[in-house]
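1. Sequence plus the predicted model coming up.
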Amino acid sequence: MEAVDSIVKGQEDIASYHQDCVASGMCQPDISKADFLRNLRRRIRALRWNPFSRRPIISDIQNDCLIVQDGIELCCLTKELDKSWIKVSMPEDVHAKWLTRSTEDLDKVVVRTSRKEFYNPIDHPAYRKAKIARRNSIRLDRIRQLLGPIGPGICGLDIGCNMGYTSHHLQRQGFNMTGIDYDDYHLDIAKALTTTYGLDVRLQNCYFRQFQTDHPFDIVVALTVLYHMFYNQEEQDIPECSRMDKTAVMEKIDTLTRHALIWESGADPPREIDFIRSNSGLSEYYFLGPTQGTGKKRNLGVFLRPGTAFTDYLRNRYTAKFAGRWDYKG
Ligand SMILES: C[S@@+](CC[C@H](N)C(=O)[O-])C[C@H]1O[C@@H](n2cnc3c(N)ncnc32)[C@H](O)[C@@H]1O
């Protein structure tokens, strides 16, 4: 995706993709970086301007992920060109599996709540034309770029998970995800989607203050939610008993987070960053780039707890994939 993005934008910075391809055996070590780039550029141009390009071939569905056997570059290019759907070819048995993803529960919730819009995209053809508040998946792309191939064995908590978009994606990647949100209107969609996708995300309707667990999480995700808890509580319809002092919120997050907090800001990123760093052991901050949330500018970033092997892994990934991409001192 990164390499296709570079080529489409004319930046052609494919060094790390070249390295990955050599390391995984997809590219012979004796092919020079220049030749690799020339070939890739030629293939991407051919795909971009050829309406008769062969459809990507899907060979299987595993854990609600479509396994692309051939045509990954066309998939990436389609996404890069901001199209969210693509026609693919798949064998009949895979297609039959795909059709078992029923939206019955989801349809019922939608009718019951007279819902006209969703916060995040729904990964199902029946909802291809649904109105979406945050259509863009740039946050997920960057989170996945940071996390790399890890997944199974890692547990994550998604605070303010809304309709479960991030939880579902990380669960597909093999994470053990728990999502919490106090708002039934959103959480009922998250639960119905968990059934549609056949995933095993644990979803809990509660305020963060009420959330109880007997173990910490490797990764905690808090996307455009902490600022609600830090600064906007008085604007929300939150019962007095569920409000939490912001230092207590941070103490609880600190206790719950083993290694990393993946975070998206509210309107004042530096203020939130300072607060998080100075009120927890999550003292290393790395900027994952600017984002747009329902028309507002946000920052995506990750806070790491120094001193663990997992943290070292994430820091190294950050250096390889993100360092120098944005002029920001965290
Ligand atoms: C702006 S939305 C962000 C949703 C999701 N994190 C995302 O970025 O796609 C904020 C979500 O946090 C939830 N939320 C706000 N305060 C919360 C609290 N104290 N405990 C649990 N959920 C909360 C809201 O119900 C809402 O679904």
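-> Here it is on my side, so go on. Every value quoted in this text rests on a predicted model; they were computed, and no experiment measured them. Residues are numbered from 1 along each chain as shown.
2. Excluding residues flanking it in the chain, which one is nearest the most centrally placed residue in the chain?
-> Among the residues of the chain, the one closest to the centroid is L140, at 2.5 Å (Cα atoms, centre = their mean). For L140, the nearest residue in space outside its immediate sequence neighbours is H169; the separation is 5.5 Å by Cβ to Cβ, 6 or more residues apart in numbering. (Glycine included, C-beta is placed from N, CA and C.)
3. rewinding a little: contacts only, for the residue nearest to the centre of the chain.
-> For L140, the residues meeting the contact criterion (Cβ atoms under 8 Å, 6 or more residues apart in numbering) are 165-166, 169.
4. Show only the entries of the residues you listed found in helices.
-> The subset of the contacts of L140 located in helices under the criterion DSSP state H comprises 165-166, 169.
5. Not counting sequence-adjacent ones, nearest residue to I44?
-> I7 (5.0 Å).
6. Which secondary structure state is assigned to that neighbour?
-> Assigned state for I7: helix (three-state reduction, DSSP: H, G, I helix; E, B strand; the rest coil).
7. and the gap between it and Q145?
-> 17 Å (Cβ to Cβ, to the nearest Å).
8. Looking at these two, which is more packed in?
-> When I7 is set against Q145 and neighbours are counted by other Cβ atoms under 10 Å, the residue ahead is I7, at 24 against 18.
9. Isn't that one up against R43?
-> No: no contact is recorded between I7 and R43 when judged using Cβ atoms under 8 Å, the distance being 9.3 Å.
10. Skip the chain neighbours and tell me the closest residue to the residue of the stretch 151-300 of the chain found nearest the ligand.
-> Nearest residue of the stretch 151-300 of the chain to the ligand, counting by Cβ to the nearest ligand atom: G160, 2.5 Å away. Counting by Cβ to Cβ, 6+ apart, G160 lies nearest to V225, which is 3.1 Å off, once chain neighbours are set aside.
11. what about that neighbour, how many neighbours?
-> With neighbours defined by other Cβ under 10 Å, the count for V225 comes to 20.
12. follow-up on the earlier one: the residue nearest to the centre of the chain belongs to a helix?
-> Yes: using three-state DSSP, the assignment for L140 is a helix.
13. Tell me the spacing between it and I189.
-> Using Cβ to Cβ, one gets 18 Å for the distance from L140 to I189.
14. just to revisit the earlier point, between the contacts of L140, which sits nearest D93?
-> Distances from the contacts of L140 to D93 were compared by Cβ to Cβ; the smallest belongs to H169, at 25.1 Å.
15. per-residue pLDDT, that closest one?
-> Predicted confidence (pLDDT) at H169: the value is 97.
16. swap in the one 4 residues further on?
-> Confidence at Q173, expressed as pLDDT, is 95.
17. That one - nearest residue in space that isn't next to it in sequence?
-> Counting by Cβ to Cβ, 6+ apart, Q173 lies nearest to G151, which is 4.2 Å off, once chain neighbours are set aside.
18. For the residue nearest to E2 when sequence neighbours are not counted, grab the count of nearby residues.
-> In this structure, E2 finds its nearest non-sequential neighbour in Y17, 5.9 Å apart by Cβ to Cβ, 6+ apart. Around Y17 there are 22 other residues, counting by other Cβ under 10 Å.
19. Ok, G71 next?
-> Considering only other Cβ under 10 Å, G71 is surrounded by 20 other residues.
20. what does A34 give?
-> The local packing count at A34 equals 9, with neighbours defined by other Cβ under 10 Å.
21. what's the answer for K321, then?
-> When counting by other Cβ under 10 Å, one arrives at 15 neighbours for K321.
22. ok, it touching Q145?
-> Yes: between K321 and Q145 a contact is recorded at 5.1 Å, counting by Cβ under 8 Å.
23. which neighbours do these two share?
-> Common neighbours of K321 and Q145 (criterion: Cβ under 8 Å, 6+ apart): E2.
24. Quick one: classify the nearest residue to L300 once chain neighbours are set aside as helix, strand or coil.
-> For L300, the nearest residue in space outside its immediate sequence neighbours is L288; the separation is 4.3 Å by Cβ to Cβ, 6+ apart. Classification of L288 using three-state DSSP returns strand.
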